[in-house]
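A.B. asks: Sequence and predicted structure, then a few things I'm wondering about:
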Amino acid sequence: MARYAVPASARICNLDDPAQLAALGLRPSEIVSREYSRTREWARGIYRQGGWTGVRWWSYYDPRWTSFGLWDVSGVSITEVRVLRLDDAALLEAARTITRHVRQTGHRSRATVRR
């Protein structure tokens with residue numbers, strides 16, 4: 001698992017800001033839509049405005065999680081890398097949040113995550 005840093009100077013279009021959404025003519029439901037053609041449409045519109053490094057919005061699964069889409073990754077740096085294990089607390093919490101099961105295969109015992 002890796003953690004990245006985006007430069008403070010990066011212009012990120014914050015789609016969690018009601019004023020920004022209004023300026024773009026977007027509604028919150030359009031941002032977290034799972035309809036790819038619609039999300040691609042608003043992303044293309046923001047990209048064509050120019051000047052943006054990328055966008056940020058909240059996760060479909062949990063609004064505490066922030067998602068980023070970056071068009072310019074030239075200033076992005078890796079700040080941490082670690083091996084992701086099936087018993088990692090962050091992985092298990094994420095699996096519970098998105099209602100996914102984590103299990104080991106092979107000779108090891110199964111670990112199941114339930115919500």
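C.D. replies: It's in. Numbers count the residues shown, from 1 in each chain.
A.B. asks: which residues touch the most centrally placed residue in the chain?
C.D. replies: What sits nearest the mean C-alpha location of the chain, by C-alpha atoms, centre = their mean, is Ser67, with 2.3 Å. Ser67 makes contact with Arg56, Trp57, Trp58, Ser59 under the criterion C-beta atoms under 8 Å, 6 or more residues apart in numbering. Any C-beta I mention is one placed from the backbone N, CA and C, and that applies to glycine too.
A.B. asks: Pick the one among these closest to Ser33.
C.D. replies: Trp57 (10.6 Å; C-beta to C-beta).
A.B. asks: Can I get the strand or helix carrying Ser29 in PDB, CA atoms only?
C.D. replies: Element membership of Ser29 [criterion: DSSP states H and E] is helix 28-31. The C-alpha trace of helix 28-31 is given here as PDB (Å, rounded to 0.1, in the frame of the first residue of the first chain):
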ATOM      1  CA  PRO A  28     -23.700  16.100  -5.500                       C
ATOM      2  CA  SER A  29     -25.500  13.100  -6.800                       C
ATOM      3  CA  GLU A  30     -23.800  13.600 -10.200                       C
ATOM      4  CA  ILE A  31     -20.400  13.400  -8.600                       C
END
